Every structure is written in C-alpha cells, then in structure tokens.
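Visitor: Sequence and computational prediction follow.
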Amino acid sequence: MPTVNMHEAKTHLSKLVNAASDGEVVIIAKAGKPVAKLTRIDSPTARRRLGFLAGDAQVPDDFDEIAGADIAALFEGEDA
C-alpha cells in the first residue's frame, strides 16, 4: 500500500488510478499525514429508496406476539 504526497498524486493521477483499478490501494498524504485512500470500486452502491412501499403493506397490531410460544420453544431447544 504505497503512500504518495499530494503533489505527486496530482502529477501522476492517471497512473495512480490505473494502480487502483488493478486492485492496489494508494494512500494520499498531505504534509506527511494520510488524508485519503484511493481504491477500486467493485460495484456501485445503490441508494435505498425509503418509503417506496408506503401504504401497500399492513403490519398487524399483534405482530410482536405472533407465534411467540413457538419462537420461545425454539430458543429453548424444544420442538415447536
């Protein structure tokens, strides 16, 4: 994991990006202190859309009690 200073990173950015795309991790430092890590992105992370099913599902009021005895028996090692 090489560490390069800011000036060297600006000068050789394309070379460092190629190294990162090959799986190498590059640390970029400013005044000798690490401030950033350049790595390959394996897959883009999709943002979760909150509330996209709002109103389409109903949770019963007794949801926390459904099959409570069966679940407790399973935790205690008994057959449900």
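Guide: Now that the structure is in, tell me what you want to look at. Numbers count the residues shown, from 1 in each chain.

Visitor: after the helix or strand hosting residue 14 comes which helix or strand?
Guide: Under the criterion of DSSP states H and E, residue 14 resides in helix 13-21. Per DSSP H and E, the first helix or strand lying C-terminal to helix 13-21 is strand 26-30.

Visitor: Neighbours of residue 41, how many?
Guide: Residue 41 has 8 neighbouring residues, counting by other C-beta atoms under 10 Å. All C-beta spots, glycine's among them, are computed from the backbone N, C-alpha and C.

Visitor: again, but for residue 31
Guide: Using other C-beta under 10 Å, residue 31 has 7 neighbouring residues.

Visitor: one step back: what angle separates the helix holding residue 14 from strand 26-30?
Guide: 140 degrees (axes from the mean of the first three to the mean of the last three C-alpha atoms, to 10 degrees).

Visitor: I would like the residues contacting helix 13-21, please.
Guide: 2, 4, 9, 26, 38-40 (C-beta atoms under 8 Å, 6 or more residues apart in numbering).

Visitor: The same query, at a cut-off of 10 Å, please.
Guide: When contacts are defined by C-beta atoms under 10 Å, 6 or more residues apart in numbering, helix 13-21 is touched by residues 2, 4, 8-10, 12, 24-26, 28, 37-41.

Visitor: Quick one: mean pLDDT for that helix?
Guide: Throughout helix 13-21, pLDDT has a mean value of 93.

Visitor: what's the answer for stretch 36-43, then?
Guide: So the average pLDDT for stretch 36-43 ends up being 86.

Visitor: got the buried residues for it?
Guide: Neighbour-count burial for stretch 36-43, counted by 16 or more other C-beta atoms under 10 Å, picks out residue 38.
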